[in-house]
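# Next input, structure requested:
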Amino acid sequence: MTGNREVRTFALTEMRVVRAEGESPKIVGHAAVFNSPTEIGSKCWGWKERVSPGAFAESIRIDDIRGLFNHDPNFVLGRNVAGTMTLAEDAKGLLYEIDPPDTQVARDLLESIDRGDVTGSSFGFEVNEQKWTITDDPDEWDERELTKIKLWDVSPVTFPAYDDTDVAKRQYTEQRDGLTEQAAAVIKPEKNSDDKSGEDKELRPNRGQMGRRLRLEG
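I've put the predicted structure just below:
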């Protein structure tokens, strides 16, 4: 895995154990929900994030993806290339089905899911393509749209949380810094009427001078 890995959990996801006659039990759930805005941080420093339909399609087709418990590589529940986990995009989001091994960890997890002790689903990922919409209005959220994602894993989780946002925070800061530079480039210096030297004084761009909204893709 790389240092750009992030983890997200959606409040609207579901997970359950499915038992069919003559088959081993399966863990089934949605690890992500499309176009469901997630608030990360606050309006003064943070953004709303959503995943676009199709964001997982290429990764599902070409990548080696694991099913883990609590994103822990010591607790492997399934793997798509091994045929013990299937992934698909449906109308709701990222659907997974895991055929867990007959191990003590997996048996305990199945029991915990049945009891309602473990209810969260999450996914580990790296962003390949995204769109940032940056606003200068303090009453509005900046926005991040994830359009192409490399999946590392999907995981039933004990404590659904936004654990690993450091990567996104770094990218967010870079986008903000880039916006400031663009604003500075278009703001021309003005003469200071109180300055008798006749020299132009550089104006420092503030958030209100940056424009209403700026869309950045990468």
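
# does residue 81 count as helix, strand or coil?
Secondary structure assignment for residue 81 (DSSP: H, G, I helix; E, B strand; the rest coil): helix.

# Next, work out how far apart it and residue 61 are.
When distance is defined by Cβ to Cβ, to the nearest Å, residue 81 is 12 Å away from residue 61. For the C-beta atoms, the positions are set from N, CA and C on the backbone; glycine is no exception.

# can you check residue 119 too?
Applying Cβ to Cβ, the value for residue 119 to residue 61 is 29 Å.

# got it, and residue 106?
For residue 106, the distance to residue 61 under the criterion Cβ to Cβ works out to 27 Å.

# Can you pick out the residue with more neighbours from these two?
residue 106 (21 against 9; other Cβ atoms under 10 Å).

# Can you report phi and psi for the more buried one?
Backbone torsions of residue 106, given as degrees, to the nearest 10, read phi -70, psi -40.

# Hmm, residue 84 and it touching each other?
No - here residue 106 lies out of contact with residue 84, judged by Cβ atoms under 8 Å, at a distance of 10.8 Å.

# Residues in contact with both of the two, list them for me.
In the contact map built from Cβ atoms under 8 Å, 6 or more residues apart in numbering, the residues linked to both residue 106 and residue 84 are 77, 100.

# in this protein, which ranges drop under the pLDDT threshold?
Across the chain, residues meeting the criterion (pLDDT under 70) sit at 1-3, 10-13, 161-172, 175-216, 218.

# mind listing the strands for it?
Secondary structure of the chain by DSSP state E: the strands cover 6-9, 15-18, 26-33, 38-41, 46-51, 66-69, 72-79, 85-89, 93-98, 120-135, 142-157, 190-191, 200-201, 213-217.

# Which strands border the fourth one, and is each parallel or antiparallel?
It refers to strand 38-41. According to DSSP bridges, strand 38-41 forms sheet pairs with strand 46-51 (antiparallel).
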